[in-house]
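A.B. asks: Okay, predicted coordinates and the sequence, questions at the end:
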Amino acid sequence: MNLKTQYPKLFSNLLEEVDEVRYLVVVDKNFNDVDSDEFDAIDPEDYNYLVYITERLQDAMGEEKMVTFIKQLEAHKDVVLFYLSETDLYGIQTDLEDEAIEKMVLDIVESVLA
């Protein structure tokens, strides 16, 4: 995926060049990890993915657009359940896979920056 071509509004707002999605958004499967209590609030039985929005992406959107982004992500047709743990960390229940979730997030960001 050519990020710069696919998300021109986002890339015009970035302060530095990015060539990989992981520098913008990190999507991890949520599973029971007995050694970590970091994500206890985001129960894997309810939310099968963790979505982390990097500081770089937050800066590109700004605070006001972040609020709009979060609301649109929560209301997205492919998000069954949504949990806002922190401004940059969410639990979601979805049937989508990792790359499709990344694309969904970046598509929402691009629309918010319109």
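C.D. replies: On my side now, so go ahead.
A.B. asks: This protein: helices as residue ranges?
C.D. replies: Ranges of helices in the chain, per DSSP state H, are 3-6, 8-13, 55-75, 98-112.
A.B. asks: nearest to Lys29, of these?
C.D. replies: Relative to Lys29, the nearest member of the helices of the chain by CB to CB is helix 98-112, separated by 7.6 Å. (Glycine included, C-beta is placed from N, CA and C.)
A.B. asks: that older thread, so which of the helices of the chain is nearest Tyr23?
C.D. replies: helix 55-75 (6.0 Å).
A.B. asks: now the helices of the chain as CSV including mean pLDDT?
C.D. replies: Below are the helices of the chain laid out as CSV (pLDDT from 0 to 100):
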stretch, mean pLDDT
helix 3-6, 93
helix 8-13, 96
helix 55-75, 97
helix 98-112, 97
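A.B. asks: for these, which one ends up most surrounded?
C.D. replies: helix 98-112 (a mean of 17; mean count of other CB atoms under 10 Å).
A.B. asks: counting contacts, what elements does it pack onto?
C.D. replies: Applying 3 or more CB pairs under 8 Å, 6 or more residues apart in numbering; DSSP states H and E, we find helix 98-112 packed against helix 3-6, helix 8-13, strand 25-29, strand 49-53, helix 55-75.
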